[in-house]
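Undergrad: What shape does this take:
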Amino acid sequence: MKVLIFSNMYPTKDKPQFGIFVYNQVMELEEMGYECKVISLQSKGNKYLRYLKFFVKGLFYSLIKGGSYQIVHAHYAFPPGIFAMIHKRRYGSKMIITAHGSDINKMPNKSHFVKKWIQKIIRESHKVICVSEELKYKILDWKIQEEKIQVINMGVNCSIFCKIDKEKARRGLGLPIDKFIVLFVGNFYKAKGVLDLLKAFKKAPIPDKMLLLVGDLNVETQTTEEIYSEFEEDIKVIPPQSQQDIAVYMNACDAFVLPSYTEGFNLVTLEAMATETLVVTSDIEAFEYLEENTVIKSRTGDIEDLARCLERAYGLTDEEREAYIANGRKVAQENSAQEKAREVGRMYASCN
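TA: Numbering: from 1, shown residues only. Reported below is the predicted structural model:
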């Protein structure tokens, strides 16, 4: 079966993590025998030219060159969903939309026009994949039929995100062996809670500590300036890394922390669990599926409470830490990329 995929996120050489979850799913689907063609928004160059090229190529495959594809799958409802809808109307293909988060949580708030288009795209689709229960219920508020919505997250690549020796990982990265290392991975948006983490880290009474921030600084100018204003010797910023290198950083740290204000479904927490790393999150709805015995949760936006959670992570007994790690590992294994791709494949088959 041939599948045409539109996505506004897909990895490139300069941004290897940009939409890596879509790439991983495509690789798994091809392993299962699906023939996939991906049309994606490039991550490099002038913003307007990038979108212009994306729209031209999207329309070309939607209207002229896409006749041999039985399934059209858009990652993000808008704008990729526009091309999927055009392809469906032009060729009668089965239309799948994966809602990832910002396309449902943020984009409808930009304008009434955008919201109407997103709702129209969702209604015209044969099936909707939501990466979290939270997104499902937001879409249901638009009076969409529940039977066509399925919750399938993007899944963890457990062949990459797996346990390795911590000391070996630290030596390979040139990190100190004896410090308590806290790790954040993600774009440096204020909504990711990165500023809260900086302030909480400085407040937490932990001796010999280090904070590693892995991600792209060039996303929000004001946030970047605030991050620099909080810098100290034990805080380091590391540019975006490949999946393989991120897995090593996770193995090297003592606690992975993501104190987000909003998320669709954040795969990086599962990736950390797959490496048997202790995880600290905020208590937003997107993390409700992670039970208290799986992660340490802080109150969203509460810097003092986040500092206490970091102190708690530092002070866990070996037995307590192992319990968190074992529970997290189980959750990660239940959400492998291979199994999630199989679920998507079964959805494709159900459309025929």
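Undergrad: switch to C-alpha atoms for all contacts and neighbour counts from now on
TA: OK.
Undergrad: How about the secondary structure of the residue nearest to residue 203 when sequence neighbours are not counted?
TA: In space, residue 203 comes closest to residue 307 once its chain neighbours are excluded; the distance is 6.1 Å by C-alpha to C-alpha, 6 or more residues apart in numbering. Per DSSP: H, G, I helix; E, B strand; the rest coil, the secondary structure class of residue 307 is helix.
Undergrad: again, but for residue 13
TA: Here residue 13 is recorded as coil under three-state DSSP.
Undergrad: Let's see the pLDDT reported for it.
TA: Turning to residue 13, the model gives it a pLDDT of 77.
Undergrad: can you check residue 227 too?
TA: The model reports residue 227 with a pLDDT of 68.
Undergrad: Do you have the strands of this structure handy? List them.
TA: With DSSP state E as the criterion, the chain has strands at 2-7, 35-40, 71-75, 94-99, 127-130, 149-151, 180-185, 209-214, 235-238, 255-258, 278-282, 296-298.
Undergrad: Comparing the ones you listed by mean pLDDT, which bottoms out?
TA: Mean pLDDT per stretch puts strand 235-238 lowest among the strands of the chain, at a mean of 92.
Undergrad: so what strands line up beside it?
TA: Strand 235-238 pairs in its sheet with strand 209-214 (parallel), by DSSP bridges.
Undergrad: ok and the partner strand relative to strand 180-185, angle-wise?
TA: With axes from the mean of the first three to the mean of the last three C-alpha atoms, to 10 degrees as the basis, strand 209-214 and strand 180-185 are set at 20 degrees to each other.
Undergrad: would a markdown table of the strands of the chain with mean neighbour count and distance to residue 226 be doable?
TA: Converted to a markdown table, these look like this (neighbours: other C-alpha atoms under 10 Å; distance: least, C-alpha to C-alpha, whole Å):
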| stretch | mean neighbour count | distance to residue 226 |
| --- | --- | --- |
| strand 2-7 | 24 | 32 |
| strand 35-40 | 18 | 32 |
| strand 71-75 | 27 | 32 |
| strand 94-99 | 27 | 31 |
| strand 127-130 | 25 | 33 |
| strand 149-151 | 19 | 36 |
| strand 180-185 | 24 | 16 |
| strand 209-214 | 21 | 14 |
| strand 235-238 | 14 | 13 |
| strand 255-258 | 26 | 18 |
| strand 278-282 | 25 | 21 |
| strand 296-298 | 23 | 22 |
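Undergrad: Of all the ones you listed, which one is nearest residue 330?
TA: Nearest to residue 330 among those is strand 278-282; the distance by C-alpha to C-alpha comes to 13.0 Å.
Undergrad: Packing partners of the closest one?
TA: Counting contacts by 3 or more C-alpha pairs under 8 Å, 6 or more residues apart in numbering; DSSP states H and E, strand 278-282 is packed against strand 255-258, helix 267-274, strand 296-298, helix 303-315, helix 318-334.
Undergrad: what do you get if the cut-off is 7 Å, keeping everything else the same?
TA: With contacts taken as 3 or more C-alpha pairs under 7 Å, 6 or more residues apart in numbering; DSSP states H and E, strand 278-282 sits against strand 255-258, strand 296-298.
Undergrad: which other helices and strands contact the shortest one?
TA: In terms of contact count using 3+ C-alpha pairs under 7 Å, 6+ apart, strand 296-298 is assigned the packing partners strand 278-282, helix 303-315.
Undergrad: Direction included, what does it pair against?
TA: By DSSP bridges, strand 296-298 pairs with strand 278-282 (parallel).
Undergrad: With residue 300 as the reference, measure out to residue 137.
TA: Per C-alpha to C-alpha, to the nearest Å, residue 137 is found 21 Å from residue 300.
Undergrad: Helix or strand, whichever it is, which one in the protein has the lowest mean pLDDT?
TA: Within the chain, judged by mean pLDDT, DSSP states H and E, the helix or strand with the poorest mean is helix 221-229; its value is a mean of 67.
Undergrad: re earlier: which residue of residue 137 and residue 300 possesses the greater neighbour count?
TA: A direct count of neighbours by other C-alpha atoms under 10 Å for residue 137 and residue 300 places residue 300 higher, at 18 against 14.
Undergrad: correct me, but that one touches residue 282?
TA: Yes: contact status for residue 300 versus residue 282: in contact at 5.0 Å, counting by C-alpha atoms under 7 Å.
Undergrad: Spell out which residues are contacts of both of those two.
TA: Listed as contacting both residue 300 and residue 282 by C-alpha atoms under 7 Å, 6 or more residues apart in numbering are residue 259.
Undergrad: List the buried residues in stretch 79-93.
TA: By 16 or more other C-alpha atoms under 10 Å, the buried positions in stretch 79-93 come out as 79, 80, 81, 82, 83, 84, 85, 86, 87, 88, 91, 93.
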